[in-house]
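A.B. asks: Need the 3D shape of this:
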Amino acid sequence: MKIRDFGTEFGKKYPSVYSDNNYIEVSNLIKDIKKNHTPNEDILIYDWGGGTGVLAQTIINALLEYKNLKIIVIDVDKNKFIKREKISYVCSDLKDFNKGKKANYSISRNVFHYNTEKENVKILKNIYKLTKEKYLAINIYVSRGLEDSWKFISKTLNDWFNVYRQYYPLKSQMDFIEKVGWEKDISKMLSNKKYINIYNYDVIKFHTVRFKLSKKQSEIYKKSSVKKIDRYYAYSILFKK
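C.D. replies: Below is the predicted model:
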């Protein structure tokens, strides 16, 4: 299955907008590894929906002294895979992946919008089952007060490219995680600014490049409420059981 998504191309053209250095959950994960593991230990990380492996590479670069660190990227679209040292790839639906060996840690960026509610719960249950130490570093995107606009984006992109199936508000995304068994005191975590990144960007420009919108499609965006969306919040959290 190939998902039409040109995020890598957008990242090259607008690196200041779409930068993996902004992910707080990665820095928390790196700190946790340094605190709890020696450089000689075997450490396995699953990157769920990791695409090109750019986030995995960020972790590898920050932990060069950890010679036995390995990251496996699991993604449904093998066309995104880029060969990288210490990183391997498995083409699989996230809810169906079953490597057998449990990872020390799991990481994931924003993958909820590609799936139905039931699928998201199945994916998280699978991640939980295959993560030995029950750590999930996850990045969750929301747009406060602009839910109607994002619902329009979700429906429109789904109609055009079968990309986004659903827009989930923050509470729904937290419900997915809570149902599976991760940290219960979520509200306190989300009120703490150290877990929140705020991104400002032009949605029309972002999606025009990322999904290669035609001139007509871009005009549809411009005539809608999409142009009012100029920021979104990324909750970057390291969950522990």
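
A.B. asks: Please, where are all the helices along this protein?
C.D. replies: With helices called from DSSP state H, the chain shows them at 7-13, 24-36, 54-62, 117-129, 147-161, 170-180, 186-190, 203-210, 215-223.

A.B. asks: Please identify which of the ones you listed is closest to Arg84.
C.D. replies: helix 54-62 (5.6 Å; C-beta to C-beta). Placement of C-beta: from N, CA and C, glycine included.

A.B. asks: residues of the closest one that come out buried?
C.D. replies: Neighbour-count burial for helix 54-62, counted by 16 or more other C-beta atoms under 10 Å, picks out Val54, Leu55, Ala56, Gln57, Thr58, Ile59, Ile60, Ala62.

A.B. asks: How about the contacts made by the fourth one?
C.D. replies: Contacts of Gln57 were listed using C-beta atoms under 8 Å, 6 or more residues apart in numbering, and they are Arg84, Ile87.

A.B. asks: Which of the helices of the chain sits closest to Asn110?
C.D. replies: Minimum separation from Asn110 across the helices of the chain (C-beta to C-beta) falls at helix 170-180, 9.1 Å.

A.B. asks: just checking, what packs against that closest one?
C.D. replies: Packing partners of helix 170-180 (3 or more C-beta pairs under 8 Å, 6 or more residues apart in numbering; DSSP states H and E): helix 117-129, strand 135-142, helix 186-190.

A.B. asks: Of these, flag the one that's most buried.
C.D. replies: strand 135-142 (a mean of 23; mean count of other C-beta atoms under 10 Å).

A.B. asks: Distance to Val111 and mean pLDDT added to the helices and strands packed on helix 170-180, as CSV?
C.D. replies: As requested, these are exported to CSV (distance: least, C-beta to C-beta, whole Å; pLDDT from 0 to 100):
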stretch, distance to Val111, mean pLDDT
helix 117-129, 7, 90
strand 135-142, 9, 77
helix 186-190, 18, 70
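
A.B. asks: Distance to Tyr235 for the ones you listed - can I get that in TSV?
C.D. replies: Shown next, in TSV, are the helices and strands packed on helix 170-180 (distance: least, C-beta to C-beta, whole Å):
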stretch	distance to Tyr235
helix 117-129	15
strand 135-142	4
helix 186-190	6
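
A.B. asks: burial measure for the closest residue to Thr131 other than its chain neighbours, as a count.
C.D. replies: For Thr131, ignoring the flanking residues on the chain, the nearest one in space by C-beta to C-beta, 6 or more residues apart in numbering is Ser106 at 4.4 Å. For Ser106, the neighbour count with other C-beta atoms under 10 Å is 27.
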